[in-house]
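Peer 1: fold the stuff below for me.
(chains A and B)
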2 protein chains.
Amino acid sequence: MHTFEELSAQFSEKFKTDHFPQEPASLYEPNRYFLGMGGKRVRPVLCLMANELFDEIVPDAWNVATAIELFHNFTLIHDDIMDQAPLRRGLETVHQKYGISTALLAGDVMLVAAYEYLNKVSTQHIVRIMRLFNKTAREVCEGQQLDMDFEKKNGVDFDAYLNMINLKTSVLLASSLQMGALLGGTGVRNQQIIYEFGRKIGLAFQVQDDFLDAFGNPEKFGKLVGGDIKSNKKTFLLIHALQVASEGQKKRLKELYTSTSEHKVEEVLSIFKDCKVDEWAKALKEKYMQEAFQHLDDIAVVSKRKEPLKELALYLLQRES
Amino acid sequence: MHTFEELSAQFSEKFKTDHFPQEPASLYEPNRYFLGMGGKRVRPVLCLMANELFDEIVPDAWNVATAIELFHNFTLIHDDIMDQAPLRRGLETVHQKYGISTALLAGDVMLVAAYEYLNKVSTQHIVRIMRLFNKTAREVCEGQQLDMDFEKKNGVDFDAYLNMINLKTSVLLASSLQMGALLGGTGVRNQQIIYEFGRKIGLAFQVQDDFLDAFGNPEKFGKLVGGDIKSNKKTFLLIHALQVASEGQKKRLKELYTSTSEHKVEEVLSIFKDCKVDEWAKALKEKYMQEAFQHLDDIAVVSKRKEPLKELALYLLQRES
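Peer 2: Coordinates of the predicted model:
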């Protein structure tokens, strides 16, 4: 059994290999640049850990983990185009550095490269892995489209928002785990439970992310607090606030979200606090976490093997183990 | 054995099925819109014909043909974004009608749908089909990037241009044939020859397309003559003209290709004719055609079975059979 740190280091080392030919450099250099930005490689490690939950890590798992990470990077390159984001991890995004057309193609070829790794999976598993991978890929695209739709809508229903977050963020974590579990040789029941575990971890993580953006300690959080509010982003906090606030507060919130007032962040946060959105978000994150851990408990394998996954979840959700 | 018309009709009928779920309509409606524009479906039919060259059409061939056509449409949606094309087949392009972000995602999910069909291929063939499909997909992306690079370059070498056209246009025709041949049960040698047949047909077709744009009969061609010249597009004709023209002609061509003069098309065509670019292009198309038909002859199967492919090639290359 390995810890997150060990698997993350092992995967990062293997992932450093060049996934692309040298030429044409105008296409592949942007891919190398983007992958060189690094990352925590959480999704591939979830795949490896879920394999190791049931058995020693098989060669297939490394290929699937690589495909997952390439897929994730493909979505980031294309999302950055759609969001017109100039920076990621403090570095220029691909479209900012190389132009939109090249970023579009670099993303496309990154997705094809992901399928090249999937095609190395053994005959025994390839069809089931591909089916799950394709379903997830489709859902992630759906989530991104729903996210863009929401940004244009006036009111957003909580369940619709939850569905969007689930597709955009959670299903890839969930299916990374399920693919690993499948390769580890466990049955459909355990695969479904670990999928749900991943899904709930994803939801808890997103609630936390929204919470920290509004109420976090800027030094610990590493970003400017209130960024989501400044950019009028719909978040768990805003959706909930608009449900529970008084008519007057709702009216003011809607005004604030179309203004560029200097005191915008301050005033929105004050309404959030009056509506106890902070407490609500903490409780919601706690609920998803508890559900996730219940799923982990329910997996039919000795508890000792679950420790690394539990630690990773606690690390992602900023809890001491 | 079936003719092109028969297979095209059969494929078009099957292809009309909905490849996408209803929701989110904001993502899938653009896909339905684009596929609804129709098309000659040449590539999937090449796959079916190459299967039937060796044996009765197998169910796998329909799935691969569908994947090929979805892939081709994915490239068109993304190419239209990169080319900032407002129209295709006289209808609004996806990004023009639905916005760039949605067109980007609609293309992405179209590519995923292609892989969903590939994943239906029987275990016996899936890995080899996927390998060829992935290689081709990568090459088509490379071709598109090289095309964009060329548009920015001053001089372009003929061989480099040929390589770009080969990747952007020919390899998909070639590998559609190879995949069909593989599914038809023939060996690697025949697969390689049919791949070369497709590649040469693609090159001959592109030379013809460039020729007709400059010298075609506007009524027969269906587009305005001189469109490539007006938009300063690099073509077989221009690349060759810049190689054989006198210094004075070269200078004038370069001037014309940066001007918006009223007589631009007329004057460029006059230089092309002086340099005998028209005769050269006809001969080049003829050369590729002859090479293609030599490859077709070389395929180890009774000649009678080759008739439909020969007719399709003659039809594409506007020759009476």
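
Peer 1: the nearest residue to A:Tyr288 once chain neighbours are set aside: which element?
Peer 2: What sits nearest to A:Tyr288 in space, not counting adjacent residues and going by Cβ to Cβ, 6 or more residues apart in numbering or on different chains, is A:Ala204, at 3.7 Å. Every residue, glycine included, has its C-beta placed from N, CA and C. Taking DSSP states H and E as the definition, A:Ala204 sits inside helix A:188-215.

Peer 1: so what does the helix or strand A:Asn63 falls within touch, helix or strand wise?
Peer 2: For A:Asn63, the host element (DSSP H and E) is helix A:59-83. In terms of contacts (3 or more Cβ pairs under 8 Å, 6 or more residues apart in numbering or on different chains; DSSP states H and E), helix A:59-83 is packed against helix A:4-15, helix A:25-35, helix A:42-52, helix A:94-98, helix A:100-118, helix A:123-152, helix A:171-183, helix B:100-118.

Peer 1: in it, what counts as buried?
Peer 2: A:60-83 (16 or more other Cβ atoms under 10 Å in any protein chain shown).

Peer 1: and for stretch A:263-272?
Peer 2: A:264-265, A:267-269, A:271-272.

Peer 1: show me the two of the residues you listed that sit farthest apart.
Peer 2: Using Cβ to Cβ, these reach their maximum pairwise distance at A:Lys264 and A:Phe272, which is 12.3 Å.

Peer 1: tell me which of the buried residues of stretch A:263-272 is nearest to A:Ala181?
Peer 2: A:Phe272 (38.6 Å).

Peer 1: hmm, A:Gln145 is touching B:Leu104, no?
Peer 2: No - using Cβ atoms under 8 Å as the test, A:Gln145 is too far from B:Leu104 to be in contact (10.1 Å).

Peer 1: buried residues, stretch A:140-154. List them.
Peer 2: A:140-150.

Peer 1: typed the wrong thing, it's stretch A:15-26
Peer 2: A:15, A:19-20, A:24, A:26.

Peer 1: overlap between those and the residues near chain B?
Peer 2: Residues of the buried residues of stretch A:15-26 in contact with chain B (Cβ under 8 Å from any Cβ of the partner chain): A:24, A:26.

Peer 1: list the contacts for the residue of chain A positioned farthest from its centre?
Peer 2: Using Cα atoms, centre = their mean, the residue of chain A lying farthest from its centre is A:Gly248. It sits 35.1 Å away. Applying Cβ atoms under 8 Å, 6 or more residues apart in numbering or on different chains to A:Gly248 gives no contacts.

Peer 1: residues near the residue nearest to A:Tyr288, how many?
Peer 2: 23 (other Cβ atoms under 10 Å in any protein chain shown).

Peer 1: mind listing what it touches?
Peer 2: Going by Cβ under 8 Å, 6+ apart, A:Ala204 touches A:285, A:288-289, A:292, A:317.

Peer 1: distance of the residue positioned nearest the centre of chain A from chain B?
Peer 2: Residue closest to the mean C-alpha point of chain A, counted by Cα atoms, centre = their mean, is A:Thr169 at 4.1 Å. Per Cβ to the nearest Cβ, to the nearest Å, A:Thr169 is found 16 Å from chain B.

Peer 1: could the helices and strands packed on helix A:59-83 go into JSON lines alongside distance to A:Ala281 and mean pLDDT?
Peer 2: Below are the helices and strands packed on helix A:59-83 laid out as JSON lines (distance: least, Cβ to Cβ, whole Å; pLDDT from 0 to 100):
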{"stretch": "helix A:4-15", "distance to A:Ala281": "25", "mean pLDDT": "96"}
{"stretch": "helix A:25-35", "distance to A:Ala281": "32", "mean pLDDT": "98"}
{"stretch": "helix A:42-52", "distance to A:Ala281": "22", "mean pLDDT": "98"}
{"stretch": "helix A:94-98", "distance to A:Ala281": "32", "mean pLDDT": "98"}
{"stretch": "helix A:100-118", "distance to A:Ala281": "33", "mean pLDDT": "98"}
{"stretch": "helix A:123-152", "distance to A:Ala281": "18", "mean pLDDT": "96"}
{"stretch": "helix A:171-183", "distance to A:Ala281": "20", "mean pLDDT": "98"}
{"stretch": "helix B:100-118", "distance to A:Ala281": "29", "mean pLDDT": "98"}
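
Peer 1: and those helices as a markdown table, adding distance to B:Ser8?
Peer 2: Formatted as a markdown table, the helices and strands packed on helix A:59-83 follow (distance: least, Cβ to Cβ, whole Å):
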| stretch | distance to B:Ser8 |
| --- | --- |
| helix A:4-15 | 44 |
| helix A:25-35 | 33 |
| helix A:42-52 | 42 |
| helix A:94-98 | 38 |
| helix A:100-118 | 27 |
| helix A:123-152 | 28 |
| helix A:171-183 | 38 |
| helix B:100-118 | 18 |
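
Peer 1: out of these, flag the one nearest B:Leu256.
Peer 2: Closest to B:Leu256 of these is helix A:100-118 (Cβ to Cβ; 25.9 Å).

Peer 1: what's the closest one packed up against?
Peer 2: Looks like helix A:100-118 contacts helix A:25-35, helix A:59-83, helix A:94-98, helix A:123-152, helix B:59-83, helix B:100-118, helix B:123-152 (3+ Cβ pairs under 8 Å, 6+ apart).

Peer 1: gap between the shortest one and the chain center?
Peer 2: By that I understand helix A:94-98. Here the centre of helix A:94-98 is set off from its chain's centre by 22 Å, with Cα atoms, centre = their mean, to the nearest Å.

Peer 1: and that helix, anywhere near chain B?
Peer 2: No - under the criterion of Cβ under 8 Å from any Cβ, helix A:94-98 makes no contact with chain B; the nearest approach is 10.2 Å.

Peer 1: mind giving me the packing neighbours of that helix?
Peer 2: helix A:25-35, helix A:59-83, helix A:100-118.

Peer 1: reformat those helices as a markdown table; add distance to A:Arg41.
Peer 2: Shown next, in a markdown table, are the helices and strands packed on helix A:94-98 (distance: least, Cβ to Cβ, whole Å):
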| stretch | distance to A:Arg41 |
| --- | --- |
| helix A:25-35 | 11 |
| helix A:59-83 | 6 |
| helix A:100-118 | 14 |
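
Peer 1: of all those, which one is nearest A:Arg305?
Peer 2: Of all the helices and strands packed on helix A:94-98, helix A:59-83 sits nearest to A:Arg305, with 15.3 Å by Cβ to Cβ.

Peer 1: what's the angle from the closest one to helix A:100-118?
Peer 2: Computed by axes from the mean of the first three to the mean of the last three Cα atoms, to 10 degrees, the angle separating helix A:59-83 from helix A:100-118 equals 160 degrees.

Peer 1: distance of A:Lys230 from A:Glu266?
Peer 2: According to Cβ to Cβ, to the nearest Å, A:Lys230 and A:Glu266 sit 11 Å apart.

Peer 1: A:Leu312 is in contact with A:Val45, isn't it?
Peer 2: Yes - at 7.3 Å, A:Leu312 counts as touching A:Val45 under the criterion of Cβ under 8 Å.

Peer 1: so for those two, which sits in the more crowded spot?
Peer 2: More crowded of A:Leu312 and A:Val45, by other Cβ under 10 Å: A:Val45, with 29 against 21.

Peer 1: so what's the residue count around A:Ile201?
Peer 2: Per other Cβ under 10 Å, the neighbour tally for A:Ile201 reads 28.

Peer 1: ok, A:Gly184 next?
Peer 2: Neighbour count of A:Gly184, defined by other Cβ under 10 Å: 24.
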